[in-house]
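Student: Prediction below, plus the sequence it came from.
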Amino acid sequence: MAELLSSKEMRAIEARAIDSGQVTGLELMERAGRGVVEAVFEEWPALAEGPHRAVVLCGPGNNGGDGFVIARLLKEAGWQVAVYLYGDADKLPPDAKVNYDRWAGIGTTGALADWERSEGWGCDLLIDALFGIGLKRGLKALGNLFWNMEDMVECFAVAPGHKIGRPAIVAVDMPSGICADSGREFPHEDAHHRFAAAAHLTVTFHRPKLGHFLAEGPRQCGKLVVKDIGLSEEPARKGVPHEHRVSLCEGVHPDWLRKDVEGHKYGHGHALIFSGGIGKGGAARLAARGALRIGAGLVTLACPPAALIENAAQLNAIMLRSVKDAAAAARICEDERLKAICIGPGLGTGEREAALVVAAVRAKHTPYVVFDADALTLVAQDQSLFDALHDRCVLTPHGGEFARLFPDIAARLAAPATKGPAYSKVDATRDAAKRAGCTVLFKGPDSVIAHPDGSCSEHSAQYDRAAPWLATAGSGDVLAGMITGLLARGLAPLQAAGTAAWLHVECARSFGPGLIAEDLPEQLPKVLRGLGL
């Protein structure tokens, strides 16, 4: 798993490298500028074939210094390059000022306002080197500029040589106006304008940042490329506890999913799925199918007596148990061979269902318990149920469910990001996991999974892993079942949630358009075979 860095962590790594004599700030700036030019030519080979026109927008900090390097390199390659500066050149940081002076030896620099007033884009390549990861607030003066960038990215294809300009827009480190730590857009003072810039390509350095994968970050970044600039994280990361870091889930370890050739069904775990009544069992059946396909040795669906025939007509490999009330549920949960329980999909939210939740969470031998859908609503409504949560529980809320469970945390996350670093989905999920005392999977295209000790991972269904087809009824029920199946097999909650989230997206990408929830479990054999199992 790759590590995602905050802006503070990235600055610390750079500072330690400079202080240790490993590299100078000027060398890092030069490497960053070269990395951007390389990434541009790799993405658009037509731009590498001969000189074109570039506009480089430089900001008042070191991101602007990167921009001056880029301008100089393009100019030396024969390009026509126009540079515009936001701010006062005499107030640039030392390294940025050196590169400003180097550029001044071969080209001129105008004020950013001059370019904003020009007609047309006037270039084939537009470089946003205004703020990068350094910005901590919105700036009203740049709202119209960024609005125009987003319009160009969304509405027109890149067309080098176009007579009025349809440039490739490239952001250095982060599209200006996006918080590098939260991916959130700093608000514009005028509600009719957006502050954040947009890009076709974003080039960052050393490691991706949190904001590249959270909230609006991926949409504004376009495509993300990470360039190596020769930094070592040691000693900067030495001694930083694992639970203080955020990892990006980029795959799963096949050994976690292999089965022992000498094993038997109970050796691979028994999973129990609670179901709703007549006509309400579909969600639980989807969860049960997900648990079985992910490799649980056996799966039982527990439903009200009246729903037995309906479920029996649609299930074969999944066993059925009649559960009339909480007493019956408690008896099932006493089976020590039971390793994991999923409760909530299609369950209902009445008194009987609340009693089932109590039976599941208070089972004497403490199986893992996955709470989804209606079970989350019940927990949100009853403080005693919330207080009964323990470290073998996993909560899987989407945004609305998260707001019901943790209203104050959700309100803080939804509040305008007036100053940075803005409160992020990572912060919110960590705070929620600590309060609940269990693992929380906060779902979305930027899913975040956190443990009460602060251990955290981000699972992104964005960029080249985008899976919009998952926005279909029942897909979350399958995910809950997959987590349950992995818990039954012995994976720890954080591991099970991350593995299931990654496989869930892979199944959607394997099937593609037209996906419905029933298709997801049936893609698992293909996906697992692709892992070499």
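Tutor: Received the coordinates, thanks.
Student: Tell me the first helix or strand C-terminal of the lowest-mean-pLDDT helix or strand in the chain.
Tutor: Every helix and strand of the chain was ranked by mean pLDDT, DSSP states H and E. The lowest is helix 143-155, at a mean of 70. Remark: after helix 143-155, the chain's next helix or strand is strand 168-172, criterion DSSP states H and E.
Student: how far does that following strand sit from the chain's center?
Tutor: Centre-to-centre, strand 168-172 and its host chain are 21 Å apart (Cα atoms, centre = their mean, to the nearest Å).
Student: Disregarding flanking residues, what is the spatial nearest neighbour of the spatially most central residue of the chain?
Tutor: Ranked by distance to the mean C-alpha position of the chain (Cα atoms, centre = their mean), the top residue is Asp446 at 3.0 Å. Spatial nearest neighbour of Asp446, excluding adjacent residues (Cβ to Cβ, 6 or more residues apart in numbering): Leu214 at 5.0 Å. For every residue, glycine as well, the C-beta is placed using N, CA and C.
Student: Could you tell me how many residues sit around that neighbour?
Tutor: 29 (other Cβ atoms under 10 Å).
Student: Wait, a helix at Arg72?
Tutor: Yes. Per DSSP: H, G, I helix; E, B strand; the rest coil, Arg72 lies within a helix segment.
Student: Give me the secondary structure label for the nearest residue to it once chain neighbours are set aside.
Tutor: Distances taken as Cβ to Cβ, 6+ apart place Trp103 nearest to Arg72, at 5.2 Å, with adjacent residues excluded. Three-state assignment for Trp103 (three-state DSSP): helix.
Student: Quick check: the gap between the residue lying closest to Gly165 once chain neighbours are set aside and Ile106.
Tutor: Excluding the flanking residues, the one nearest Gly165 by Cβ to Cβ, 6+ apart is Trp121, at 3.2 Å. According to Cβ to Cβ, to the nearest Å, Trp121 stands 23 Å off from Ile106.
Student: Of the two, give the one with the bigger neighbour count.
Tutor: Neighbour totals were compared for Trp121 and Ile106, and Trp121 leads with 21 against 11 (other Cβ under 10 Å).
Student: Show me the shaky parts of the stretch 51-200 of the chain.
Tutor: Along the stretch 51-200 of the chain, the model assigns pLDDT under 70 to residues 117, 119-120, 138-148, 164, 188-195.
Student: go on, the chain?
Tutor: Ranges of the chain meeting pLDDT under 70: 1, 117, 119-120, 138-148, 164, 188-195, 233-243, 261-262, 266.
Student: Name the residue most distant from the centre of it?
Tutor: Gly105 (43.1 Å).
Student: And the strands in the stretch 251-400 of the chain, which stretches?
Tutor: All strands of the stretch 251-400 of the chain, identified by DSSP state E, counting those that start in this stretch, fall at 270-274, 298-303, 319-322, 338-343, 368-371, 393-395.
Student: what about the strands in the stretch 401-533 of the chain?
Tutor: 439-442, 446-450, 456-460.
Student: ok, the residue nearest to the centre of the chain - contacts?
Tutor: Gly183, Phe213, Leu214, Ala215, Pro218, Lys425, Glu458, Ser460, Ala461, Gln462 (Cβ atoms under 8 Å, 6 or more residues apart in numbering).
Student: Return the subset of those lying in helices.
Tutor: Those of the contacts of Asp446 mapping onto helices are Pro218, Lys425, per DSSP state H.
Student: What is the nearest of the contacts of Asp446 to Ile169?
Tutor: The closest of the contacts of Asp446 to Ile169 turns out to be Pro218 (Cβ to Cβ; 15.5 Å).
Student: and the gap between that closest one and Ile309?
Tutor: Note on Pro218: its distance to Ile309, by Cβ to Cβ, is 46 Å.
Student: okay, the two: which has more neighbours?
Tutor: For Pro218 versus Ile309, neighbours defined as other Cβ under 10 Å are more numerous around Pro218 (23 against 10).
Student: Could you tell me which residues within stretch 327-346 count as buried?
Tutor: 328-330, 332-333, 338-346 (16 or more other Cβ atoms under 10 Å).
Student: Pick the most deeply packed of the strands of the stretch 401-533 of the chain.
Tutor: strand 439-442 (a mean of 30; mean count of other Cβ atoms under 10 Å).
Student: coming back round to it: could you save the strands of the stretch 251-400 of the chain as CSV and add columns showing distance to Gly25?
Tutor: As requested, those are exported to CSV (distance: least, Cβ to Cβ, whole Å):
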stretch, distance to Gly25
strand 270-274, 55
strand 298-303, 58
strand 319-322, 65
strand 338-343, 52
strand 368-371, 49
strand 393-395, 44
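Student: Looking at these, which is nearest to Pro416?
Tutor: Between Pro416 and the strands of the stretch 251-400 of the chain, the shortest gap by Cβ to Cβ is with strand 393-395, which sits at 26.8 Å.
Student: wait, what's in contact with the nearest residue to Trp79 once chain neighbours are set aside?
Tutor: Excluding the flanking residues, the one nearest Trp79 by Cβ to Cβ, 6+ apart is Pro51, at 4.9 Å. By Cβ under 8 Å, 6+ apart, the residues touching Pro51 are Ala77, Gly78, Trp79, Gln80.
Student: So the residue farthest from the centre of the chain versus Leu231, what's the distance?
Tutor: 28 Å.
Student: now do Asp128
Tutor: For Asp128, the distance to Leu231 - Cβ to Cβ - is 23 Å.
Student: Please say which of the two ends up with more neighbours.
Tutor: Asp128 (29 against 20).
Student: from memory the more buried one sits against Gly177, does it?
Tutor: No. Counting by Cβ atoms under 8 Å, Asp128 does not reach Gly177; the two are 9.5 Å apart.
Student: Can you pull the residues that touch both of the two?
Tutor: Common neighbours of Asp128 and Gly177 are listed as Ala197 (criterion: Cβ under 8 Å, 6+ apart).
Student: and stretch 497-504, how far from the chain's centre?
Tutor: Centre-to-centre, stretch 497-504 and its host chain are 13 Å apart (Cα atoms, centre = their mean).
Student: Tell me who's in contact with Gly295.
Tutor: Here Gly295 is in contact with Leu257, Lys259, His268, Gly485, Leu486, Arg489 (Cβ under 8 Å, 6+ apart).
Student: Please state the backbone phi and psi of it?
Tutor: Note on Gly295: backbone dihedrals following degrees, to the nearest 10 are phi 120, psi 10.
Student: That one and Lys265, how far apart?
Tutor: Distance from Gly295 to Lys265, by Cβ to Cβ: 11 Å.
Student: which outside residues touch stretch 400-410?
Tutor: 373, 376-377, 379-380, 386, 395, 397, 399, 411, 428, 431-432, 435-436, 442.
Student: Show the buried residues in those.
Tutor: 373, 376-377, 379-380, 386, 395, 397, 428, 431-432, 435-436, 442.
Student: Out of these, flag the one nearest to Gly25.
Tutor: Closest to Gly25 out of these is Ala428 (34.5 Å), distances taken as Cβ to Cβ.
Student: Does the closest one touch Ala415 like I think?
Tutor: No. Taking contacts as Cβ under 8 Å, Ala428 lies outside contact range of Ala415: 11.2 Å.
Student: contacting residues for Gln160?
Tutor: Actually, residue 160 is Pro. It isn't Gln. Trp44, Ala46, Leu47, His52, Asp124, Ala168.
Student: can you rerun that using 6 Å?
Tutor: Ala46, Leu47, His52, Asp124 (Cβ atoms under 6 Å, 6 or more residues apart in numbering).
Student: Apart from its chain neighbours, what residue comes closest to it?
Tutor: Asp124 is the one closest to Pro160 (Cβ to Cβ, 6+ apart), at 4.3 Å.
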